[in-house]
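# okay, predicted coordinates and the sequence, questions at the end:
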Amino acid sequence: MLDKRFIRDNPQAVRDAVAAKGIDLDVDELLQLDQENRKLQFEVDEAQAQRRSRSKQFAKADEARRAELRAEQEAFDRQLRDNRERLARTGARLAELMLATPNIPWSGAPVGPDESANVVLRTVGAPPSFDFDPLDHVELAERRGWAEFARARRVAGERAYALVGDLVLLERAIHSYALDLLRGREFTPISVPALVREEPLVGTGMLPKGREEIYEIPADDLFLAGTAEVALVGLHAGEILEAAALPVRYAGISASFRREIGSASRDVRGLLRVHQFEKVEQFVLCAADEAESARWHAELLATAERILTDLGLSYEVVECATGDMGVGKFRMNDINTWFPSLGRYRETHSCSTLHDWQARRANLRYRDADGTIHFAHTLNNTAVATPRLLAALLENHQTADAGIRVPEVLRPYLGGRELL
Ligand SMILES: Nc1ncnc2c1ncn2[C@@H]1O[C@H](COS(=O)(=O)NC(=O)[C@@H](N)CO)[C@@H](O)[C@H]1O
C-alpha cells in the first residue's frame, strides 16, 4: 500500500506503475474518493462541533428558543446521519482501492507484461554434460524407490507426492545446511505457522487480490499460507520496534501451501509444482532507507547464490520485469537453476525488496533515535525450497547407474556419505 499523500503528490507516477504492472486500478477514482472522503469528514466534524455549541445554547435558552433549537437540531441530525453513511461508504471503497495500489517499480526494472520481459543479468556455472542418457527426477526417484506418486495421489489428489528413504534425508540435509549458513549470517531460525489468519495475508499482499490461490479453512477463519513470508510479516504487526532492534533477520521455516489454480495444467508430473512444499525463507525487516534496503537485497541474493554454488548447481540471475514482479515489489530478482530434463534454467529462488509497501498494510513500525515513528522496510528471498530444489540436485548430480553424488556441503548432514 502507498501513502495517500504520496499518491496525491505523484498521481502520474502511480498511474505509470499501474500501467507498467498491469494492475486493475483507476487512480483518478481513488483521488476523487480521497477528496470526497476528506470533505465529508470535515462536514461531519463541523456538524459535531455545532452540535456541542447548540447544546450549550439550549441550556441557556427560554422555552420558545428551545423549540427552535430542537427543530434545527433534528434537521442537522438528519444531515449528520446522511453524511456519516456516505463517509462509511466512500471510506470502505477508498480502503479497497488503497490496498490495490502498486509499489512503484525501480527504474532499472524492464517494463513488460510478464516474465517474457525478464532480463538475464548473469549466468553462473555451466550445465553438466553426461556421457550417458540422463534420467529426469521422477525416473531417478522411482528407479531408486525414493518417492511415491501414485499412492500419494490416492491420499491427497493431484500434485501429491511422498519422499521415501534417502530423499527424505537429502531434503533434511538441504534445509539444515541452509539454516546453518543463515545462522552464520545472524539470521534467527524461526519455525512459523502455516495456518494463518486473514490479517497477515492482507499485510503481506496475498489478499485481497489472489484469494483463489490460497487454501481456506472457513470453519476456523484460517488459511494455509503459501510461504513463511506471511507469518514473518505478521509476527511484529502492530508493534513499534526500537531502531536499535533493526534489522530484524529471520530464517523462517514452514510448510507452504498453494492451490496453483493459475497453473492448472503445468508441471503436473513430479516435484516441480506441488500443493505442499517445504521452504527456508530469508526475511529482513530494516530501517526505511533505500540504501539500507538495497544493501539487504544484495545480501539476500548473494546468500541464495552461495547456496546454489555450494550445491554445485548452475544458475542464472534474472531482473524481473514490471509485469512479473507483482503489485507490492519495488524490485525482484529471480534465480533460475539448470534442470537437465527441461534443458533450461527454471526458477528456484525469488528475491524481493518491498520498501514500506507491506509495512504500511501490516502496520510494521519502528521508532528512530530522535523518537520519530516510521513504517519499516521488508525484504524476502528463498533460501531453499524443496522438493523443486531436490529435483534439480537429483538431475544434475546423477551417475550412470542412477546414483546421486552428494555435494560436499551436505555430506556432514548425511553421515559423510558421498554417494546416494
Ligand atoms: N507450487 C510450488 N511447488 C514447488 N515449489 C514452489 C511452488 N511455488 C513456489 N515454489 C518454490 O518457492 C520459491 C519461492 O516462491 S515465490 O513465490 O517465488 N517467492 C516466495 O514465496 C518468497 N516468499 C520468497 O521465497 C520458488 O522460487 C520455488 O522454488
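Done, it's in.

# need the contact list for the closest residue in space to Gln276 that isn't next to it in sequence.
Nearest residue to Gln276 in three dimensions, chain neighbours excluded: Phe257, at 5.4 Å (Cβ to Cβ, 6 or more residues apart in numbering). C-beta: built from backbone N, CA, C; applies to glycine. By Cβ atoms under 8 Å, 6 or more residues apart in numbering, the residues touching Phe257 are 194, 214-215, 224-226, 275-276.

# so which of the residues you listed is the closest to Cys351?
Gly226 (16.7 Å; Cβ to Cβ).

# confidence score at the closest one?
Note on Gly226: pLDDT of 98.

# which residue packs closest to it, ignoring adjacent ones?
Arg258 (4.6 Å).

# count the residues that sit near that neighbour.
20 (other Cβ atoms under 10 Å).

# make sure it is actually in contact with Asp267.
No - assessed by Cβ atoms under 8 Å, Arg258 is found out of contact with Asp267, at 11.9 Å.

# where do the contact lists of the two overlap?
Residues touching both Arg258 and Asp267 (Cβ under 8 Å, 6+ apart): none.

# for the residue lying closest to Cys286 once chain neighbours are set aside, give its distance to Val230.
Counting by Cβ to Cβ, 6+ apart, Pro247 is the residue found nearest to Cys286 once chain neighbours are left out, at 3.9 Å. Distance, Pro247 to Val230, by Cβ to Cβ, to the nearest Å: 19 Å.

# between these two, who's got more neighbours?
Val230 (32 against 18).

# hmm, Leu201 and the more buried one touching each other?
Yes - using Cβ under 8 Å, Val230 is in contact with Leu201, at 5.8 Å.

# where does the stretch 251-400 of the chain come near the ligand, residue by residue?
Neighbours of the ligand within the stretch 251-400 of the chain, by Cβ under 6 Å from any ligand atom: 258, 260, 273-274, 277, 279, 281, 347-350, 380-382, 385, 388.

# out of those residues, which are buried?
Using 16 or more other Cβ atoms under 10 Å as the burial test, those include 258, 260, 274, 277, 279, 281, 347-350, 380-382, 385, 388 as buried.

# out of these, which is nearest to Pro208?
Nearest member of those to Pro208, counting by Cβ to Cβ, is Arg258, at 17.3 Å.

# for the closest one, list the residues it contacts.
213-214, 226, 275.

# show the buried residues in those residues.
For the contacts of Arg258, a burial check counting by 16+ other Cβ under 10 Å picks out 213-214, 226, 275.

# tell me which stretches of the stretch 1-150 of the chain form helices.
Assigned by DSSP state H, counting those that start in this stretch, the helices in the stretch 1-150 of the chain fall at 4-9, 11-21, 27-60, 63-99, 137-143, 150-156.

# of all the ones you listed, which one is nearest the ligand?
helix 137-143 (12.3 Å; Cβ to the nearest ligand atom).

# quick one: list the elements packing against the closest one.
helix 388-396 (3 or more Cβ pairs under 8 Å, 6 or more residues apart in numbering; DSSP states H and E).

# does anything pack onto the helix it packs on? Which helices or strands?
Looks like helix 388-396 contacts helix 137-143, helix 166-184, strand 331-339, strand 344-353 (3+ Cβ pairs under 8 Å, 6+ apart).

# how about residues contacting stretch 403-420?
By Cβ under 8 Å, 6+ apart, stretch 403-420 touches 140, 144, 166, 169-170, 172-174, 176-177, 310-312, 393-394, 397-399.

# likewise for stretch 31-40?
Here stretch 31-40 has contacts from 4, 7-8, 11, 83, 86-87, 90-91, 93-94, 97, using Cβ under 8 Å, 6+ apart.

# show me which positions of that stretch end up buried.
Quick answer for stretch 31-40 (16+ other Cβ under 10 Å): 31, 33-34, 36-37, 40.

# kindly reformat those as JSON lines and extend each row with pLDDT and distance to Arg295.
Compiled in JSON lines, the buried residues of stretch 31-40 are given as follows (pLDDT from 0 to 100; distance: Cβ to Cβ, whole Å):
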{"residue": "Leu31", "pLDDT": "97", "distance to Arg295": "34"}
{"residue": "Leu33", "pLDDT": "97", "distance to Arg295": "37"}
{"residue": "Asp34", "pLDDT": "97", "distance to Arg295": "34"}
{"residue": "Glu36", "pLDDT": "96", "distance to Arg295": "42"}
{"residue": "Asn37", "pLDDT": "96", "distance to Arg295": "38"}
{"residue": "Leu40", "pLDDT": "94", "distance to Arg295": "43"}
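
# which of these are close to the ligand?
Counting by Cβ under 6 Å from any ligand atom, no member of the buried residues of stretch 31-40 is near the ligand.

# which two in those residues are spaced the farthest apart?
Of all pairs in these, the most separated under Cβ to Cβ is Leu31 and Leu40 at 15.1 Å.

# now restrict the contacts of stretch 403-420 to buried residues only.
Buried among the contacts of stretch 403-420 by 16+ other Cβ under 10 Å: 140, 144, 166, 169-170, 172-174, 177, 311-312, 393-394, 397-398.
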